[in-house]
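Visitor: no sequence on hand, only this structure:
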């Protein structure tokens, strides 16, 4: 009896799938059990097959207002400007990475991009199984099961020089702190990371390097929210830092960092955003943002695949190729700070200045 | 006030045993169907195509043999977690802490799997299996012990344990004692020895790319063990007696305190095994923050499955299908995978109304006889 | 490590801020369970309160409307639970779990549909702070209480109100009677089901206030799953506090204190050894278990808690 009913439920849902398949608007290809991949379209034909690009985010979620949002933006831009078909999947658990990537690969997508350093091993696994499909990893290189980096001919490792972006905003922060601009009266700046991992710490390292270079007398504070999502935690760290005199708060903690910015807003001091331009998050409070043009990486890679110019291995997005930068400046930022930042940008491009990647204040 | 059976979240009253599943499998099955219909209405109302949504959902869950194996991979820890929560319920305890027991089992597995990486499979595999079970069991038993000796409600303890373990894992794996330098770019332990890896059980020739690992066998064994322990051993008898209340336990000559500790140990053991399976079968190392949410889903699985072995397996398959199908639904039909949670909730909610049907049935029979 | 890090005004002020959402959820739990209905869907009520509060704030630009809508949403969710638990006499744990899952899925889904990937707007009206002018100049108290959110004071006021209501008024006595001996209460003429309905609805309203506090006072935005388990911690606080409002307050404060410490002790050293940040974060949870084990021990819920009532005769 119970077997009958259970089977009934299963049959019903499968029947719905078969029946609905014909009416499904988006292209759900016939179930392919084998890993056949469609080659990336190279030479233009009379009706060129659209290039399909898939994005798999990590467990952060799409509306973190920074990292994943930017990657998604790049995808949307590519869809609009390049005429590629795109799709995005949010992973809910780390267990989802491999199946999510595999799903895109099995459906014959031309390019599959993993958004985040958590997916290095998963991407390695799937890229190995689908050598004809191109992959991209943001913030990482494929890592094999032993935990070592192993570059693959079909994977593009999209790295960013976060320390350069951190340096640029650090210059602005230090200049304002040194000159006691506006509400920045205590000559103290600070930063908060999510957790102490390289992509986070590199930002802060560059920031600290700039502050120590431009204004060695400025006090630097550092902290972590231990969370990339909870805003209350970020806000508490922010209030704690402000209580210790910090006037310029640099957030490197995704969603939790938004709480850090809120603390600055409530106390009438300043904040610096991260990854995307967060000026709109708290106008007047956010004086600039450390930009990591993840959208550019997604867009450029999609374009490369479309044009048949895909390049595997390490790709560095840095100041020299406009991969990082600093964001919109608030009105309070003095012209001198902007000039200093522009000078620093030029110096980094020319190689004269190499921002440090190791923290000096932990 | 005479001694009354503990009520509230610690001893949910209507947790009846397997018979009700046999009696009323129609109810859970019907609930699923009703919930799917309500879910379709919801999709429609929010401006999307329900047919496309469900087509993608089903295709993701069972469209190809590969998809089926992916659904099974999710169902494995859900089954084990469900067994964990269910056996606690049978003992009259609410094990919200299955997640932390899972993680403790996982961390212990990772530790032993790395420390003794050079041992051959026939030695290392049983060792890590045992480690996962015992570690998870001990952690669960702690909650049981606190309740038995100090009267600390296990809901409090297990919720607190959930958070504590997450942060201890952060400490262990983020440049801590268990972290291994690696290029993974993310906090993780070293790789466990080959002897501790659960192999893929389906040959690649049959289903290419499948990752279905031997954990499925462990899960199957666990289901049998659950049934056996609960219905064929004195321990199980003890646990069930304690679950019926202190008076019943006293009448059966059983010390409820002992029952609580043992019950939570067994519950923790199942959850710890789930953690072990995730490390051995899916990742081959311990990642900070992995396996999020299985413990919470396990509660829903146990409730939907009415704490019976078959019910839990079916419920785990259903939730696994939803989880897997939800992803495809998002990538193909462009509908947020959160819709799946709405449907799951509706399923549970309709299940909760099961008593209505019972009531109606009962009233009908009493009216007939009147 | 300094004394200031442990008991400074800033730490205690943070304690209040962190305790407030938990306290509101716990108070909701107390009211519901005292009437005999187990409501574990507090987390869900908090979450819908948080989301719909933000949605209403966005559309109406009025904090009053926003709070009203938030409360309505939380109450509506609780109403579903009330109907299931009281009218249909269904399993209260199942119903509660279902509603939590529903709230999470629903709010995440709607958040995605309405605010896509840009997130909620940054200019939402917020719950105002209550600057206590004269108090602000007082050395310790000023920093502690001089400028807290209105909601913090509302929560504290509710503790007093509910404590008085439950233990010093006739309606409160009736509510407790319904939770302890529903049959006796029924015989004496107390409307058991109606009382329970009111209690459950109130619990949803209180939890929703906690959620609205998070989204409209702390974060000024909504992000998926932003309640992050505080509803469950509230349940723990309720149990810890022996199902009384003042007990819930003490429990929530201990909890909030642990959280405040984990922030203030960042970077602190004992001698030369750094206190590891991640382990610090376990403080609130470990403290709670120790407190319950050490000082509270066995606590008994209302006798008829979680047991559906069968009205005989009709």
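Guide: Sure, I can see it. Just so it is clear, the structure is predicted and the values come from calculations on it, not from any experiment.

Visitor: going by C-alpha atoms from here, please, whenever you check contacts or count neighbours.
Guide: Noted.

Visitor: let me see the ranges of the helices in the stretch 51-200 of chain B.
Guide: Under the criterion DSSP state H, counting those that start in this stretch, helices of the stretch 51-200 of chain B are mapped to B:65-90, B:98-115, B:121-150, B:154-173.

Visitor: now these in a markdown table, with distance to residue B:226?
Guide: Output for the helices of the stretch 51-200 of chain B, formatted as a markdown table (distance: least, C-alpha to C-alpha, whole Å):
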| stretch | distance to residue B:226 |
| --- | --- |
| helix B:65-90 | 7 |
| helix B:98-115 | 16 |
| helix B:121-150 | 13 |
| helix B:154-173 | 21 |
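
Visitor: quick one, which of those gets closest to residue C:205.
Guide: When these are compared by C-alpha to C-alpha, helix B:154-173 sits nearest residue C:205, at 23.1 Å.

Visitor: show me where the chain has its helices.
Guide: Chain wasn't specified; assuming chain A. A:2-21, A:67-82, A:97-106, A:120-129, A:162-178, A:198-214, A:231-243, A:254-266, A:294-306, A:335-350 (DSSP state H).

Visitor: oops, chain C please
Guide: C:3-7, C:9-34, C:42-60, C:63-82, C:92-115, C:139-145, C:150-168, C:170-180, C:182-188, C:192-213, C:230-240, C:245-264, C:277-280, C:283-291.

Visitor: what's the shortest one in contact with?
Guide: Put plainly, it is helix C:277-280. Applying C-alpha atoms under 8 Å, 6 or more residues apart in numbering or on different chains, the contact partners of helix C:277-280 are A:226, B:167, B:168, B:170, B:171, C:261, C:262, C:265, C:266, C:267.

Visitor: what's the closest of the residues you listed to residue B:47?
Guide: Nearest member of the contacts of helix C:277-280 to residue B:47, counting by C-alpha to C-alpha, is residue A:226, at 37.9 Å.

Visitor: for the nearest residue to residue B:336 once chain neighbours are set aside, give me its contacts.
Guide: For residue B:336, ignoring the flanking residues on the chain, the nearest one in space by C-alpha to C-alpha, 6 or more residues apart in numbering or on different chains is residue B:330 at 5.3 Å. By C-alpha under 8 Å, 6+ apart, residue B:330 lies in contact with A:88, A:89, B:336, B:337.

Visitor: and which of those residues is nearest residue B:82?
Guide: Set against residue B:82, the nearest of the contacts of residue B:330 by C-alpha to C-alpha is residue B:337 (22.6 Å).

Visitor: count of residues packed around the closest one?
Guide: Neighbour count of residue B:337, defined by other C-alpha atoms under 10 Å in any protein chain shown: 28.

Visitor: do you know the pLDDT at the nearest residue to it once chain neighbours are set aside?
Guide: Nearest residue to residue B:337, sequence neighbours excluded (C-alpha to C-alpha, 6+ apart): residue B:326, at 4.8 Å. Per-residue pLDDT puts residue B:326 at 85.

Visitor: from residue C:292, how far out is residue B:326?
Guide: To residue C:292, residue B:326 is 41 Å away according to C-alpha to C-alpha, to the nearest Å.

Visitor: neighbour count for those two, which is higher?
Guide: Set side by side, residue B:326 and residue C:292 show more neighbours around residue B:326, with 29 against 26, by other C-alpha under 10 Å.
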